[in-house]
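Undergrad: starting from these lines, generate the structure:
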Amino acid sequence: MASGFVDEVQVNLRGGDGGAGAMSFRREAHVPRGGPDGGDGGAGGDVIVEADRNVASLLAFRDHPHRRAKSGTHGSGNKRHGATGSDLIEPVPEGTVVKSREGEVLADLVVHGDRYVAARGGRGGRGNARFLSNARRAPGFAEQGEYGEERWLRLELKLMADAALVGFPNAGKSTLISAVSAAKPKIADYPFTTLEPHLGVVRFHEHEFVLADIPGLIEGAADGRGLGHQFLRHVERARVLVVLIDLASVEGRSPEDQERVLLGELGQYRPELLERRRLIVGTKTDVATVEFDGTRISAVTREGLDAFLGGLATVIMEARVAEPVREPFVVHRPREQGFSVQRDDDGAWRVHGQAAERVVAMADLTNSEAIAYVQERFRRMGVERALARAGAREGDTVRIGPIELEYVESFS
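TA: Just a heads-up that it's a prediction; the model follows:
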């Protein structure tokens, strides 16, 4: 049966395209040569990732990873501007980390309402009315809309719980969480029954807290063995760690050996986890085969559960008081300024820079007036001067974005 919990996905997000500006002239009775009146195209919508407390998993992205915001509409005559495309809000669980495909953390959406603009919409093209000037009385061109930004990103969910149950497979974690909360994980007498984390809300007297059942760890989990990294990720945000010692281990592991291995894996994965508040608890006292001096419980007979929950609630309250307020983390991406010139391996020149690339991308290069405007813009920006200083010669190929142009010295 397919899992209903997904904690890591890759998504393709694309902002809406900008609408094209209109090329239009006013047409009125008794006005044989009306002025330009083409309206601007509308901007495309952004794709925004937003933390939502009502979303529990990234399942919605597993089979449908592509998301696209609405595009802006085109401008029209009589200076009518196109409508702006609506933003696309993609809800994700609280605790979702947004990363680039290379693994760089871009945003950590901690609480309900935290947002990250993941893909910006394209700018709308300007209508020909925008290009009216003393030297250009009847502009016969308009700008195209800019394509929306497209990005592949990784979304990773780190569960946010007050306490996490950590133990070997078949240590009784699922039985315990089902006994103290309404969570109903799959339970059976063989290892790796739990292949996905479960959250349960525990209400004990005046206390209420969230308990996470983390899939069982094995030796080598910190190195990724047995899906260790995927499981250990959910321990990172737990305020308290409950280390469960199996007192009826089918492998014959002693309590001391279990504690040593489990704490070793936690420390190897994140050394700071060993500084986290923790409880060491022996489980399965109803069928125990070894002695254990610490806290002992049985989720089946409920032996020791009240004392355990009372102690756990106290430790959680202490952790909540001591914990600083979590702040969302977002990498802001300022608009790129300026440009640079470099030479490709084949001898062609390449101009890098968002502003220069936008000029070409939004120009109608089939229109001679638009081409002249692009040359004028580049002259004002200093692009042609920079090419000349770099050594460009008549007839050289100049690449700007996906477009190839021919360098003409007379325009520099």
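
Undergrad: any weak-confidence spans in this protein?
TA: For the chain, the stretches flagged by pLDDT under 70 are 1-6, 31-33, 182-197, 216-231, 325-326, 328, 333-336, 410-412.

Undergrad: three-state assignment of the spatially most central residue of it?
TA: Computing the C-alpha centroid of the chain and ranking residues by CA atoms, centre = their mean puts V98 first, at 2.5 Å. Put simply, V98 is strand when judged by DSSP: H, G, I helix; E, B strand; the rest coil.

Undergrad: leaving out the residues flanking it, which one is nearest to it?
TA: Spatial nearest neighbour of V98, excluding adjacent residues (CB to CB, 6 or more residues apart in numbering): A107 at 4.1 Å. Glycine gets a C-beta too; all of them are placed from N, C-alpha and C.

Undergrad: and for I297?
TA: I297 sits nearest to G304 (CB to CB, 6+ apart), 4.0 Å away.

Undergrad: measure the one you found to G124 for me?
TA: For G304, the distance to G124 equals 67 Å [CB to CB, to the nearest Å].

Undergrad: of the two, give the one with the bigger neighbour count.
TA: It is G124, of G304 and G124, that has more neighbours when counted by other CB atoms under 10 Å, with 32 against 17.

Undergrad: would you check that that one makes contact with G18?
TA: Yes: taking contacts as CB atoms under 8 Å, G124 lies within contact range of G18: 4.1 Å.

Undergrad: identify the contacts common to these two.
TA: By CB atoms under 8 Å, 6 or more residues apart in numbering, G124 and G18 have these common neighbours: G41, G42, A43, G44, G72, G145, E146.

Undergrad: residues contacting the residue nearest to the centre of the chain?
TA: Listed by CB under 8 Å, 6+ apart, the contact partners of V98 are V49, V105, L106, A107, D108, L109, Y116, A118, L153, R154, L155.

Undergrad: next: V330.
TA: Listed by CB under 8 Å, 6+ apart, the contact set of V330 reads L106, A107, D108, D114, R115, Y116.

Undergrad: so the third one: helix, strand or coil?
TA: Translated: D108. At D108 the chain is in strand, as set by three-state DSSP.

Undergrad: what's the burial count for the closest residue to it other than its chain neighbours?
TA: Leaving aside its sequence neighbours, D108 sits nearest to F329 (CB to CB, 6+ apart; 4.0 Å). Neighbour count for F329, taken as other CB under 10 Å: 15.

Undergrad: for G113, same thing?
TA: Neighbourhood size, G113 [other CB under 10 Å]: 12.

Undergrad: within the helices and strands, which one has it?
TA: Of the helices and strands defined by DSSP states H and E, none includes G113.

Undergrad: against R53, how distant is it?
TA: The gap separating G113 from R53 is 9 Å, by CB to CB.

Undergrad: go ahead and confirm P93 touches D52.
TA: Yes: using CB under 8 Å, P93 is in contact with D52, at 7.2 Å.

Undergrad: those two - which one has more neighbours?
TA: When neighbours are counted by other CB under 10 Å, P93 and D52 differ, and P93 comes out ahead with 21 against 18.

Undergrad: leaving out chain neighbours, which residue sits closest to the more buried one?
TA: Distances taken as CB to CB, 6+ apart place V55 nearest to P93, at 4.9 Å, with adjacent residues excluded.

Undergrad: still on that earlier bit, who touches the residue nearest to D108 in this structure?
TA: V105, A107, D108, V110.

Undergrad: and with 10 Å instead?
TA: With contact set as CB atoms under 10 Å, 6 or more residues apart in numbering, F329 has these partners: V97, V98, V105, L106, A107, D108, L109, V110, D114, Y116.

Undergrad: among the residues you listed, which one is most surrounded by other residues?
TA: Counting neighbours by other CB under 10 Å, the top entry in these is L109, with 25 neighbours.

Undergrad: OK, contacts around W349?
TA: 341-343, 386-387, 390-393, 396-400, 405, 407.

Undergrad: relative to T175, which of these is nearest.
TA: Nearest to T175 among the contacts of W349 is Q342, at 62.9 Å by CB to CB.

Undergrad: for that closest one, pull up the helix or strand it's in.
TA: Secondary structure assigned from DSSP H and E places Q342 in strand 340-343.

Undergrad: and the chain, what are its domains?
TA: Per automatic domain parsing, the domain ranges recorded for the chain read 1-157, 163-322, 340-411.

Undergrad: how far is the first one from where the chain is centred?
TA: Which is domain 1-157. A distance of 17 Å separates the centroid of the chain from that of domain 1-157, by CA atoms, centre = their mean, to the nearest Å.

Undergrad: ok, the second one next?
TA: Between the centre of domain 163-322 and the centre of its host chain there is 29 Å, according to CA atoms, centre = their mean.

Undergrad: make 190 the first number, not 1, from now on.
TA: New numbering, starting at 190: the last item is domain 352-511.

Undergrad: list the strands paired with the one helix or strand Y305 maps to, with their directions.
TA: Using DSSP H and E, Y305 sits in strand 304-308. Paired strands of strand 304-308, with direction, are strand 236-240 (antiparallel) (DSSP bridges).

Undergrad: next, the buried residues of the following helix or strand past the strand it pairs with.
TA: Downstream of strand 236-240, the first helix or strand assigned by DSSP H and E is helix 248-251. Buried residues in helix 248-251, counted by 16 or more other CB atoms under 10 Å: A249, F250.

Undergrad: with just CA atoms, put helix 248-251 into CSV.
TA: In CSV, the C-alpha atoms belonging to helix 248-251 read as follows (Å, rounded to 0.1, in the frame of the first residue of the first chain):
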residue,chain,number,x,y,z
LEU,A,248,2.1,14.2,-0.6
ALA,A,249,0.4,16.7,-2.9
PHE,A,250,3.7,17.3,-4.7
ARG,A,251,4.7,13.6,-5.2
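
Undergrad: I appreciate the help and will end here.
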